[in-house]
Every structure is written in structure tokens, then in C-alpha cells.
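Trainee: sequence and predicted structure, then a few things I'm wondering about:
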Amino acid sequence: MDFSHLLRTALPPFVGNMSAEDNNATQNIVETLTPLLGLQFNPFLNLFMIFYDLAGGRLGTLGLNPAYILTSFGLAWAFNKTWVHIYANVMSILGRYFTASVQVNSGDNIYDHVMKFLANRQDMTESRSLTAETWFKPTSEEADEADLFRTKISPDGEGVNLNFSNQESKCPPRFTPAIGLHNFWFRGKYFALSRQQETLHTDNSWGGSQYRDRESLVLSCYGRSPEPIKRLLEHAKQEYYSEHNARTIVKRPASQSMRSYGGRHSWSMVANRPVRPMKTVVLDEKQKVQVLYDMNEYLHPSTPRWYANRGIPLRRGYLFHGPPGTGKTSLSFALAGVFGLDIYVISLLDPSLTEEDLCALFNSLPRRCVVLLEDIDTAGLARPGDSTPASEDGDDSDEKSKDKSKKKDKDSKEKKSSEWNVADLARELKKQSSSESTDKKGISLSGLLNAIDGVASHEGRVLIMTTNKPETLDEALIRPGRVDLQIAFTNATREQTCELFKRMYDADRTATTPFQKEDRPQSTATTRLRSRLAFFRSPSNKITRTISAPVVRQLPLNDNSGEKDGNLTDTSVTTTAVDLDSDLCSLPSSASPTKISFAPEEVSKLLAEEIDDLKPITPEELDKIAQGFASKIPEGQFSPAELQGFLLKRKREPRRALREVGVWVEGTLEQKKSKTKVVRVQ
Ligand SMILES: Nc1ncnc2c1ncn2[C@@H]1O[C@H](COP(=O)(O)OP(=O)(O)OP(=O)(O)O)[C@@H](O)[C@H]1O
């Protein structure tokens, strides 16, 4: 559409009250303006003409010439267009010749450093264009905020005032600059940031295609040197890792789709925990020093040259073996902490993990790190040619079970569909899914050896394999060169038990817990005493043994058990009649409540014990209690994990732990003997 024609036909009706001179002037201006604006048709001007149509008459009566207003608008617009054009050109020349820039791709760790740096900057988070990201505070940072010690907790949950049901709402999102252009000042320098996103189309390995988003950041500054940007990146990195000091990052292989991105996307961080101090791992001192010395030497900067000069591949492998719960994983984490390394945990049982994936994962490891392959005996690593993973129970049983399953299959096929019930269907589905998972290729021994011996392994990473059954491992896997040092873990010895006990209570000894405040012991003790009465009493009113939590739930305390001013005035407790010597599984479902009365002197004794338990402890006394505790634990029978489990239930009460350990040892040994999984004492 011809704009000048439009103006000429549109204007006359509104300029009736203008002089002919004005009218001519308007037309002249419009004719001059049209080519100046450089537009044949513009929706904005069309709109303006409608506005002009409505308001033109009024402006005329007010003595304002609409033509001049139109001209002013046009000039302002033209000026703006010219300015934008000049600005863009000047910026482009400046950008090309007088700025330096650095690009950071989202596939690199630096991307995380910069994003965190930007998210922490107030000027950035106050920008008008932001991206919100879900962000969780590490649990360790929350510890100070919560008052963990409640003194009046009743069995119905009253008194508990920690509630995490809406914890996510309390965690604000993290704000980062949105896609687009941003700028900020850092250490007196002006920086421009461009956050960009592109969508890539790729063919995936299973023949399909997929779209992926890839982001990048371009940081630029004025001047021909990129030094200020390098310094900024250095600062961002330092800031990022300053929070990681005294922390160990745990990574696991990312999901299959993320792994296809490669690089840093191959691994995802699953935990960022405080470093585990070496002294918290109870192990033979000689073994500890041996492994520390070995790793220290291996990780020393001069070691790669030493190995290279002798043509020896630079890699180090350790095998930690021993019964479950004896500290193999704990030592791996402690070692990673001592040397400030991240820990990369791989489970060979992961059905989505192929041999190619494993090699790719090893190739994307950082230069120095700990790689932890847990429970390798359970991975079913088969030598090439082996049709099934090694089985411990000879061939006979294998054949028998095969025959059995064949018969079962036949039976189930013969079963008419009308006879099928839900249980049959569920069983069949389970069988199908398990056979599908066993059909999966998984990792073969040679695949694992390839990954271990691969190029990326010559880079200073430390491989730790853990197992409960070292005898079942293939010799090739643990030959020198792949496993250079073996550490044997055993169930707790007397010294280890003593050390474990002291470690458990020593750290808290000096800390002031609310239990130690002078005004609290009495009421705390009586509250806790009520639950202890439930734990300790049988219907015959005789202390027999501690009983497990499921039973305790069936022992509701009488609301009238009475507590006034910190004293138990009514010592009767309503409890369910339970024969403690019978198996817990055979508990009567509708056991009737029985009233039990306690002799006042018994209650006073228990109360005195409770109050005593809450008193601070001296190092000498702790040492004595630890010795007493260790003497009650038979050597080599309990794993440190079991002992820790027992002590954790008596977290701040070493005296109580000593008092109750005898009953616990007796009950646990009995339970082990009967091979039942049901815990009677804990
Ligand atoms: N030697 C030990 N010193 C201190 N704590 C220990 C020790 N052994 C086990 N524990 C404690 O027991 C728990 C389990 O330990 P860990 O996972 O290290 O055992 P593990 O030998 O790796 O067990 P598994 O063979 O079942 O993987 C941890 O919480 C740990 O603190």
C-alpha cells in the first residue's frame, strides 16, 4: 500500500478547520516524511492514522496542528532507528577489534562454576530477565537451624515439632541470568555475558533421532586481552571449590540419555558429603598406614615420570575384602577425603551399562580421582565363552534347577487361561521381566579388564574394588598390575570395639547438648523412662530383655501414667500382654491390654539410671566404660556396622550402652544361630 496516498486521502476530513496554508503544509510534510520513514506500509502508522482520525478534529480545535505532531513522532522514530543502527555498528566494530571474549560450553565443568558465580551475584539476581532453577540446600547446612532435641515426645507423635512435609517450599529456587544478553561489573571491570541456547539434531545409537539443547556462555570485556575474563573464571572456580573444601563429591554414571551427551554429562553428582576423617575408620593401624603411604606415593607429581622412564603403566588398584559392614566403603571414602579426590562409584549390576558405556565412563574420568567398583563378586563377570556367570554351587544343582524351571514352564503353559488368577499373572510377569534382565548383555570380564587397562586409566586414577568373597574373583582381575594392594577387613576385635565405642561418644563429650542443661535432666529422664518401662517389662513384671520396635508399638502407654514436676507419681503402665519368649511373628493380633504396676523403688532406680545417663562424662570414665563394653563383645563375631547400629540407638548414653550390651549380645547371637532375619533385640 502507498503510505503517502493513504495519508493524503485520510487527512482532508479533519483539517476542515485549518487554513489552506496549514493544509498544504501538512501535505508537504507528509510527503516529505513518507520517503524519510522509508515505509510503504506500516501497521503502526495505520494505527496512528485511526488515532489521528479520532483525535485530529479535537487537536484542531485546541489549536494544535496534527501534522506537526506527526512530524515529531516521525522524527523521533527516525532518530531512534538511526541511533540503533549506529550503536549496532559501533558495538560490532568495538566487539570485533576492541573486546576479548571467552566461550564456555555447558558440557564443561567451568559452566557450573560460572553459573554458580553468577547466581551468587546480587546485581545478576536483580536482573529483569532470569532463569529459575530448583535448588536444594545441603542437609549439613540445615543442622544448625533445627533444634533436634525434644524432651516431651509421646508415643502418638505429640511433641515432635520437626516436620519436613513442605520442606521443598522452604527452599527458594536459584536464579541465574536468562538466555540473552546481560552485563555486570566485577573488580572494577565491565563484562558482557551472552547466554545462548541451540537445539541440535542427532542420530542416536538405536537408529532414531533426537533433539538436544546445548547451552553456552560468552563472556566478553573491553580491551584486546582476555586476561580479565581468565581471572574471573579463576575466581569463579575458586569460589565454587571453596565450598567443597573438606567435602567429598560422590558421582555415579548418569542416566543413559545423559550419558549420550558424553563428557561431564556422563557422570552425575549424587552426594556432596563432609570428608570422612581417617580416624573414624577403625582398622588395623599397620594396614591404614600401608594404604595411605602407597596412595600418597602413587599420587605424587613426580611418580608419572618415574613410571614413564621404566615403561610401567601408571595405574594403581586396591582390593578391599572382608565380611559385610566391616568398613570397606568407609575406608574408600576416607581415602578420597584425605587426598581431596572425588569418588566415582560404578555398579557393574546396572542393567543399562554396556561395555562401551564402561569404557566411555572411564575415558571421561578426571585426571585424579577414586573409582569405586563395589561388590565385584556379585557382578556375575563371565569369561568369554562362559554361557552363564560363575555359580558357587556346582553343576548338579544348576542342572536340577534348570529341569525344575523347565517343568514349571511346561505346567504353566498347560494351565488354561481360565484358571489363571492374579497371583499367577504377577508371577508370570515377574518371570518374564527377570528373564529379560538376564538376557541383557551386561559387562563381561574382558569388558571390565579393557576399561581398567584402557588409555584413560594411565592418568593417575585410583581404582578400588570391594568384595565380600575374594575367592570367587577371577585371577585375571586381581593379578598384580590390576590389584596392587589387598586390604583384609575383619569383624571387630576387642581393640577395635573399644576404639569404635570411644569414637562414638568422644566427639560429643565436650559439646553442650540440651540434655546437659541443668534444668532438663529430670523431665527428660522421666519422659524417656516411660518408654523404657515399655521396653523392659514383660507381663510378669520381671525384667527379661529388650524387645524390638514392632512390639513396642503394641505397648501403648497409659495417658494417666502421670508426670508432675518431673516426678513419676503413678507408676502403672498399660501394656499389651506379650510373651517375650515366643516368636514375634506369632504375636496375637488382638492381644488384650494388661495393667502392670511397678514397685516405686524399681521406678526410682530406673529414674536414677536415666538421670545418670544424661550426665556429662569424663574422658577417664569413658575409657573405663569403653573397656567394659569391649569385654562384653565376643571377638570376631560382630561387624563394626552391627556395633555402630547398637550404639546409634544409644547415641548420647554410653552408660546405658554398657548396661544393655549383655542382653543385646545374647539376643543377637541367638538370632544369628537361628538364622532368622527378625531382630529380637536392638
Ligand atoms: N571399620 C570401621 N570403622 C568405622 N566404622 C565402620 C567400620 N566398618 C563399618 N563401619 C560403619 O558401618 C557402616 C557400614 O560400613 P561400610 O559400608 O564401610 O561397610 P562395607 O564393608 O563396605 O559393607 P559391604 O560389604 O556390605 O558393602 C558405616 O556406616 C560405617 O560407618
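Mentor: That came in fine, so what should we check first?
Trainee: make it CA atoms for all contacts and neighbour counts henceforth
Mentor: Noted.
Trainee: state whether residue 135 is indeed within a strand.
Mentor: No - Residue 135 sits outside any strand when classified using DSSP: H, G, I helix; E, B strand; the rest coil, being coil.
Trainee: please name the spatially closest residue to it (chain neighbours excluded).
Mentor: residue 173 (5.3 Å; C-alpha to C-alpha, 6 or more residues apart in numbering).
Trainee: didn't the one you found look like it was pressed against residue 131?
Mentor: No - using C-alpha atoms under 8 Å, residue 173 is not in contact with residue 131, being 9.5 Å away.
Trainee: can you pull the buried residues of the helix or strand hosting residue 90?
Mentor: Here residue 90, judged by DSSP states H and E, is contained in helix 66-97. For helix 66-97, burial by neighbour count (16 or more other C-alpha atoms under 10 Å) applies to 66, 67, 70, 71, 74, 78, 95.
Trainee: swap in stretch 481-492?
Mentor: For stretch 481-492, by 16+ other C-alpha under 10 Å, it's 481, 482, 483, 485, 486, 487, 488, 489, 490, 491, 492.
Trainee: so which of the residues you listed sits lowest on pLDDT?
Mentor: The member of the buried residues of stretch 481-492 with the lowest pLDDT is residue 481, at 84.
Trainee: I'd like the distance between that one and the ligand.
Mentor: Applying C-alpha to the nearest ligand atom, to the nearest Å, the value for residue 481 to the ligand is 23 Å.
Trainee: is it true that that residue lies in a helix?
Mentor: No - counting by three-state DSSP, residue 481 falls outside a helix, being coil.
Trainee: my guess is it contacts residue 318. True?
Mentor: No - look at residue 481 against residue 318 with C-alpha under 8 Å: they stay out of range, at 10.0 Å.
Trainee: around the ligand, which positions in the protein sit nearby?
Mentor: Contact residues, the chain versus the ligand (C-alpha under 6 Å from any ligand atom): 280-283, 323-330, 468, 640-641.
Trainee: which of those sit farthest apart?
Mentor: Across the residues of the chain next to the ligand, no pair lies farther apart than 280 and 468, at 21.4 Å, counting by C-alpha to C-alpha.
Trainee: of the two, which one has the most company?
Mentor: Shown here are residue 280 and residue 468; by other C-alpha atoms under 10 Å, residue 468 has more neighbours (20 against 14).
Trainee: count residues in the vicinity of residue 193, would you?
Mentor: Close neighbours of residue 193, defined as other C-alpha under 10 Å, add up to 20.
Trainee: report the beta-bridge partner residues of it.
Mentor: residue 182, residue 219 (DSSP bridges).
Trainee: how near is it to the ligand?
Mentor: Note on residue 193: its distance to the ligand, by C-alpha to the nearest ligand atom, is 45 Å.
Trainee: wait, what's in contact with that residue?
Mentor: Applying C-alpha atoms under 8 Å, 6 or more residues apart in numbering, we find residue 193 in contact with 181, 182, 183, 184, 217, 218, 219, 220.
Trainee: got a winner among the residues you listed for most neighbours?
Mentor: Neighbour tally across the contacts of residue 193 (other C-alpha under 10 Å): the maximum, 23 neighbours, falls on residue 219.
Trainee: contacts only, for that one.
Mentor: Residue 219 makes contact with 101, 102, 103, 191, 192, 193, 194, 229, according to C-alpha under 8 Å, 6+ apart.
Trainee: buried among the residues you listed? Make that a PyMOL selection.
Mentor: In PyMOL, this line selects whichever of the contacts of residue 219 come out buried by 16+ other C-alpha under 10 Å:
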select buried, resi 101+191+192+193+194+229
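Trainee: so which of the contacts of residue 219 is the closest to the ligand?
Mentor: Closest to the ligand out of these is residue 103 (42.1 Å), distances taken as C-alpha to the nearest ligand atom.
Trainee: next one, pLDDT for that closest one please.
Mentor: Residue 103 is given a pLDDT of 93.
Trainee: look up the closest residue to it, ignoring the ones flanking it.
Mentor: Among residues not flanking residue 103 along the chain, residue 218 sits closest, at 4.4 Å (C-alpha to C-alpha, 6+ apart).
Trainee: tell me who's in contact with the one you found.
Mentor: 101, 102, 103, 104, 193, 194, 195, 196.
Trainee: pLDDT at the closest residue to the fourth one other than its chain neighbours, what is it?
Mentor: Going back to what we said before, that points to residue 104. What sits nearest to residue 104 in space, not counting adjacent residues and going by C-alpha to C-alpha, 6+ apart, is residue 217, at 5.1 Å. Residue 217 carries a pLDDT score of 93 in this model.
Trainee: check residue 407 too.
Mentor: 51.
Trainee: now do residue 661
Mentor: 89.
Trainee: which strand or helix spans it?
Mentor: Assessed by DSSP H and E, residue 661 sits inside helix 654-673.
Trainee: just checking, what packs against that helix?
Mentor: Applying 3 or more C-alpha pairs under 8 Å, 6 or more residues apart in numbering; DSSP states H and E, we find helix 654-673 packed against helix 600-613, helix 619-631.
Trainee: got any ranges where the stretch 451-600 of the chain has weak pLDDT?
Mentor: The model of the stretch 451-600 of the chain has pLDDT under 70 over residues 455-459, 507-600.
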